[in-house]
Structures are given as structure tokens and as C-alpha cells.
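> have a look; sequence and predicted model below, questions after that.
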Amino acid sequence: MTPVELIRAPFFHTPVNAFRDDLALVCHEDGGLLIRDGRIAESGDFAAVRQAFPGAAVTDWRDGFVLPGFVDTHVHFPQLRILGGLGRTLLDWLEHVALPEEARMADVAYATGTANRFVGSLAAHGTTTALVFGSHFSAATAALFEAAGAAGLRVISGLVVSDRYLRPELHQSPRDAYRDSTELIRRFHRHGRLLYAVTPRFALSASEPMLEMCGTLLAEHEGLRVQTHINESVAEIAEVPKLFPWAADYLAVYERYGLTGARTVLAHDVHPTDSELERLAAGRTSIAHCPSSNAALGNGIFPLRRHVDAGVTCAIGTDVGGGTGFGMLKEGLQAHLMQRVAADGMNLDPARLCYLVTRAGADAVGLGDEIGDFRPGKAADLVYIRPPAESSLAEVLSRVQSLEESLAAIFTLAGPESVREVRVAGQPVHRAGEPIQGRLLAR
Ligand SMILES: [Zn+2]
């Protein structure tokens, strides 16, 4: 008989879209999550689940809270060490901060160290699934996949392809990019929890033959995802018509090469046209909203209401290193704050924040049937949060009146010091005091 585990804890999840349903947030004060074979077999009030499965071994986490594992829909692994480069515009930051560090990934040892620390940082912040920009170098991108595979995280990534605009050492011919991408797909796509994403850096750095090559990869392999950037800064957008004079707008560039649709996540979209929003919704292309990055690089305030009203799926991305760190809770808070000061902002209550960092992300990366909430049948990807004694969060939680207030406090105050254990498919990928890096090195 398969051993079953019953986690007893207050838990939250959003099984449905919190922008469409006011009752999307499901909370259980004395909750029970029954895990069997790495999946949620039952979820609900502890007493009821206990009665149905009296033989299950109980894990008592009543001193904390459990949330579904976070899904980071936009993050760059080579940029771990350049977090904090404040005060620049996007194109200036790319040239002087991001791209020099991206070039260092040619050194496989440096890239491997970065990949291991990157994966450890995701797990330590409660992120169980991430759509990750790889490197411009094949060996560095392979190092990321290997680190993610060893750690047990769900990582969707790919070789970043570009053949102009950046630095010569980051450019590759479409032919070479095709060869390297194909090899990485063969080695890593659908291996364990890994998936491959075709990853043109952005329209400015990809010629039409390169974009065509990306479309060829999609046609040749089942189940690939696509990730790139769109409509991030006004100065960037102004370059698009010079390079693609036939394109009506930025999105049209990607549409022409078959790079949009339900398998695609486009980062930012701070400055979309109404037509672009309509086409994103119709094609079920998702947007990774990266509020810290948008603010840090001065790109503007994300028009969330226009996206939601148009029916576009939006999730959250930390955009390390244009953003300010790996914390998805912090990123949710930043989204909330930006919407508070937006002229047409939406109220991101705890239900919507929970939805954005879990269920919406799962849908965006095409894993909505597998992860994102605690309905029976889902993989048991979860985060156990318990603030340190005497922390501000512990003080606040000692006096809140409702679970919803607790969740608001968690989004406001919980950092990695409050992330006690993280599981993917029921298996621990992070425990406080036992960072994943240590386990990797021990192998
Ligand atoms: Zn980015």
C-alpha cells in the first residue's frame, strides 16, 4: 500500500480565476491536504479528510500556512549577480549591465555556479515552477537544465537566440541557433519536470530568418513553449518599425512567425495597443507582468485593467535581474502597490494576489491541469510559510481577525526567512537551514 501523508495546516488556494469570481479564494483554518504518490488526493477541512483517510501519517504545520508553489513566469538565470543595478533605462541597462554579464556565461564553470545558485534561490523563495530565460550559450543553458533537474524543480527554459543588436559574442547565426536548440530539446525537453521554451531575446535582436527558425523548431517538436519580451519601454517600441516596416505593431512581428498562442508567454506588455490586447486574448497568449522591473527600469505602470477587461491571461514574473529579487510574494506586493498608484488601477486583494502567483502562472505556462492549486489530482507543489518568532510578520499574524488578513500580511511581510519547506510533487526541494545548494554539492 502506498504511504499517504496528511498535512494539517491553514491553507489557501485559488482554484478559479480571481478576476472573474469574487469567491475564488478558498481558505481552510484547520485544513488537511492528503498527499499520495506526489499528488493531492484530497483537500479540505482536516477533520473531514482525516475521517476519510484515518491511516494517513499527519504532518502538523498548524504553526504556519500552506500555499501552492509559486510560478515565476519571467526570470533570467544569467542575471542573478546583477540584481540591484538601479537607476538606468532598459536599453542602457541592457548594454552596460545585463549583456556584459550574459557574455560571462561563455565560461561554463561560471555559468554552472550561477545556475546552481539560481535554482537554489528559486526554491528558497517558494518558487516551484519557473519559465526561465536561459543563456545565449548552449553549455550554460544545459547547466541550468541540469541544476533544475537535480533539484527537482519544474523549469521551462531554452537557449536565448539573437543575431543582431546585442554584442558580437552573444550573436549566433540562425543555422547555429537551430543546431544548438535542437540538441538542447533532445537532451532536456520533457525529461522529468523539464520543458523547453523557444526563446528569441526580443524583436530588436532577432532578424526575420532567426524568427523563422524559431517557428521551425515549434513545428518540429511537440509541447514546446515560447517566451520573449514585448512592449517593455517606449524607446524600445520606437525601434520596431525601423526593423520590421511591414509590422502594424510589436505583436505582429511575433504573429508573423507563429510565435504567439496558448504556448507563449510574453514579458511586460506595459504599452500595448487595443488591437494587440484583442489579439493576445483571441490567441490565448499570456503576459508575464513584472512590476518591480517595470518600476526599476522606469518603463511605466502596467495597464492591468485593460488586460483583464480584454480577457488576456496575466501572471507574475520577477524578471531577475531587471527586477528586484526572487520573491514572488514581494512581486505580488509590488503589483498591488503599482495598481494603487495607477490612474486606472485594480484592487489586487489577497485572492487576486494568490491567483496571480499560483494558478494564473500555471495557466500561462500551459501547466494548468497539473499545478497551481490544491484540487484533488493536482501535483503536490506547495510552500509552507512560518515567520520567525519576533518578526514583524509573526507580530501581525498574532492579532489578525481572518485568514484573508493573514494572507495580506504574508504578501506584505514574508520573505525567504519565512519559507520553511517547499515541495514539488510531494518531495522537498527546499528546507530552511538545508539549502538545496548543499545537497547539490554533496552529490
Ligand atoms: Zn526579461
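Received it, and whenever you're ready, just let me know what you need. Numbering: from 1, shown residues only.
> is there proximity between stretch 88-107 and the ion?
No - residues of stretch 88-107 contacting the ion under Cβ under 5 Å from the ion: none, with a closest distance of 8.8 Å. Every residue, glycine included, has its C-beta placed from N, CA and C.
> tell me the contacts of the residue of the stretch 101-250 of the chain found nearest the ion?
Relative to the ion, the nearest point of the stretch 101-250 of the chain is residue 229 (5.5 Å; Cβ to the ion). By Cβ atoms under 8 Å, 6 or more residues apart in numbering, the contact set of residue 229 is 201-202, 266-268.
> give the closest residue to it in space, chain neighbours not counted.
residue 202 (4.1 Å; Cβ to Cβ, 6 or more residues apart in numbering).
> what of residue 33?
Distances taken as Cβ to Cβ, 6+ apart place residue 7 nearest to residue 33, at 4.4 Å, with adjacent residues excluded.
> before we move on, the earlier item: now the residue nearest to residue 229: how far from residue 227?
Remark: distance between residue 202 and residue 227 (Cβ to Cβ, to the nearest Å) = 10 Å.
> of these two, who's got more company?
Remark: of residue 202 and residue 227, residue 227 carries more neighbours, 30 against 25, as counted by other Cβ atoms under 10 Å.
> before we move on, which element is the more buried one in?
Assigned by DSSP states H and E, residue 227 falls within strand 225-230.
> each with direction, which strands does that strand pair with?
Taking DSSP bridges as the criterion, strand 225-230 sits next to strand 195-200 (parallel), strand 264-268 (parallel) in its sheet.
> and the closest residue to residue 228 other than its chain neighbours, how many neighbours does it have?
Leaving aside its sequence neighbours, residue 228 sits nearest to residue 200 (Cβ to Cβ, 6+ apart; 5.0 Å). Using other Cβ under 10 Å, residue 200 has 26 other residues around it.
> quick check: residues of the stretch 251-400 of the chain near the ion?
By Cβ under 5 Å from the ion, the part of the stretch 251-400 of the chain that sits against the ion consists of 267, 319.
> residues making contact with stretch 33-44?
2, 4-7, 9, 11, 13, 28, 31-32, 49, 52-53, 56, 66, 374-380, 382, 425-427.
> in that stretch, what counts as buried?
Across stretch 33-44, burial judged by 16 or more other Cβ atoms under 10 Å covers 33-36, 39-44.
> what's the end-to-end length of that stretch?
End-to-end distance of stretch 33-44 (Cα to Cα, to the nearest Å): 7 Å.
> what about the helices in the stretch 51-200 of the chain?
Counting by DSSP state H, counting those that start in this stretch, the stretch 51-200 of the chain has these helices, from start to end: 90-93, 99-103, 108-124, 138-151, 174-188.
> residue 216: neighbouring residues, count only.
Look at residue 216: counted by other Cβ under 10 Å, it has 17 neighbours.
> returning to what we had before: show me the contacts of stretch 33-44 that map onto helices.
If you go by DSSP state H, the contacts of stretch 33-44 have 49, 52 in helices.
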